[in-house]
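Q: A structural model of the following input is requested.
(chains A and B)
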Amino acid sequence: QQQVKQSPQSLIVQKGGISIINCAYENTAFDYFPWYQQFPGKGPALLIAIRPDVSEKKEGRFTISFNKSAKQFSLHIMDSQPGDSATYFCAAKAAGNKLTFGGGTRVLVKP
Amino acid sequence: KAGVTQTPRYLIKTRGQQVTLSCSPISGHRSVSWYQQTPGQGLQFLFEYFSETQRNKGNFPGRFSGRQFSNSRSEMNVSTLELGDSALYLCASSLTSTQETQYFGPGTRLLVL
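A: Below is the predicted model:
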């Protein structure tokens, strides 16, 4: 059972554009929603995270929007740069340290 | 502060063999979680150890096991390897079993022939 659904699977954006990745979850016990960035040959690195009592969180060019009633959250990458080309994973966590990941989105930023 | 380290980085085994992977968490971190990453199934949680005790377990067969030592270093073992066990095995550490931020290592790439 896929508890976190992520879309799109891939996207191409021009340099300076906005990348938007969406995730939806089912388990209402989830209370922590991180986004990870992964480059080839590397482990995932935490980008930004949010809790359900906050509707939006911004860190630099990265913004999470959270809609608790719809059980959806999204990552916006503003002013996308070629160095942002990577695979992005949303995740969700309930009690304990078990992260449930979305399927990933491969982002390619064209110069 | 050094990050999470995993050894070995690459491994080739044959079906039926067993393998042991090692993970050293960030200094001071006491929780270690293991994940399997494959193109087909994505990132899946294997198990978590905290203070040498397994705190949580994912939906993997009993061939997958782990342990944690008193210095928080962790090992995972896969017995009777199958072709489908070929994957990137990632270790993540956090301060405690409830501290939210998990830091991932570079992973061990296992190829089963």
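
Q: which residues make contact with the least confident helix or strand in chain B by mean pLDDT from outside it?
A: Lowest by mean pLDDT, DSSP states H and E among the helices and strands of chain B is strand B:53-57, with a mean of 92. Strand B:53-57 is contacted from outside by A:96-98, B:31, B:33, B:45-49, B:66, B:68, B:97, using CB atoms under 8 Å, 6 or more residues apart in numbering or on different chains. C-betas here are computed from N, CA, C, even on glycine.

Q: what's the residue of chain A found nearest chain B in contact with, if anything?
A: Of chain A, the residue with the smallest distance to chain B, taken as CB to the nearest CB, is A:Gly43 at 3.5 Å. The contact partners of A:Gly43, taken as CB under 8 Å, 6+ apart, are B:4, B:90, B:92, B:104-107.

Q: Look up the closest residue to it, ignoring the ones flanking it.
A: Once flanking residues are discounted, A:Gly43 sits nearest to B:Phe104: 3.5 Å by CB to CB, 6 or more residues apart in numbering or on different chains.

Q: And the pLDDT at the residue of chain A closest to chain B?
A: Model confidence at A:Gly43, given as pLDDT, is 94.

Q: what do you get for A:Asn97?
A: In this model, A:Asn97 carries a pLDDT of 80.

Q: repeat for B:Met76
A: B:Met76 carries a pLDDT score of 98 in this model.

Q: Poorly predicted segments of chain B, please.
A: Applying pLDDT under 70 to chain B flags the ranges B:1, B:99.

Q: what residues does it put near chain A?
A: B:4, B:31, B:33, B:35, B:42-45, B:48, B:50, B:55-56, B:58, B:90, B:92, B:94, B:97-98, B:100-107 (CB under 8 Å from any CB of the partner chain).

Q: Narrow those to just the buried residues.
A: With burial judged by 16 or more other CB atoms under 10 Å in any protein chain shown, the buried subset of the residues of chain B next to chain A is B:4, B:31, B:33, B:35, B:42-45, B:48, B:50, B:55-56, B:58, B:90, B:92, B:94, B:97, B:100, B:102-107.

Q: Show only the entries of those found in strands.
A: B:31, B:33, B:35, B:42-45, B:48, B:50, B:55-56, B:90, B:92, B:94, B:103-104 (DSSP state E).

Q: Tell me which residue in chain B sits closest to chain A.
A: The minimum distance from chain B to chain A, using CB to the nearest CB, falls at B:Phe104 (3.5 Å).

Q: Hmm, A:Pro44 and that residue touching each other?
A: Yes - taking CB atoms under 8 Å as the definition, B:Phe104 is a contact partner of A:Pro44 at 4.9 Å.

Q: what do the two both touch?
A: Both B:Phe104 and A:Pro44 are contacted by A:36, B:90, under the criterion CB under 8 Å, 6+ apart.

Q: circling back: ok, which pair from the contacts of A:Gly43 is furthest apart?
A: B:Ala92 and B:Pro106 (11.4 Å; CB to CB).

Q: between the two, what contacts are shared?
A: Common neighbours of B:Ala92 and B:Pro106, counting by CB under 8 Å, 6+ apart, are A:43, B:4.

Q: near chain B, which residues of chain A?
A: Checking chain A against chain B by CB under 8 Å from any CB, the hits are A:32, A:34, A:36, A:41-46, A:49, A:89, A:91, A:93, A:95-104.

Q: Alright, I will stop here.
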